[in-house]
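1. sequence plus predicted model, see below.
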Amino acid sequence: MRSKPKVLFLCTQNSARSQMAEALMRHMYGDRFDVFSAGTNPGVVNPYAIRAMQELGVDMSSHRSKSVDEFMGQDFDYVVTVCDNARKNCPFFPGKNVIHRAFRDPAAAKGTKEEVMAVFRQIRDEIQSWLKEQFGQ
């Protein structure tokens, strides 16, 4: 029996976009895919990303930012870069389906807490829609 296809989402800090993509993909399609995320320069999971996902009933509170180095030598069926910087600095995963879809960085949002939260919600929703288009057969 073949194992589920493996998906790796890559971003720069693995703090917002790739974390939300991992959590959404696992929530929506975890029965069909093994899902991971990492960063080219990992930081800390953004609390706004955690809150945005909680609004959908998805718990990311135990997630941690991971370096792409942790996944070197592993086979992935899909490597998805969700920001231009990660695309430029992504290690080469030979023979894999590399997909690029740049999403605006919600961590760069300015304004009140509610204005920043609105940007995180928008990016979360854009990622969710894109995942449905790409993987929701």
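-> That came through fine.
2. any idea how far the most centrally placed residue in the chain is from Met117?
-> With distances taken as C-alpha atoms, centre = their mean, Ser18 lies nearest the centre of the chain, 2.0 Å away. Taking C-beta to C-beta, to the nearest Å as the measure, Ser18 falls 19 Å from Met117. No exception for glycine: its C-beta is placed from N, CA and C like everyone else's.
3. again, but for Arg64
-> Distance from Arg64 to Met117, by C-beta to C-beta: 22 Å.
4. of these two, which one has the most company?
-> Met117 (17 against 9; other C-beta atoms under 10 Å).
5. would you mark the buried spots in the helix or strand harbouring the more buried one?
-> Assigned by DSSP states H and E, Met117 belongs to helix 113-135. Buried residues in helix 113-135, defined by neighbour count with 16 or more other C-beta atoms under 10 Å: 116-117, 119-121, 123-124, 126-128, 130-131, 135.
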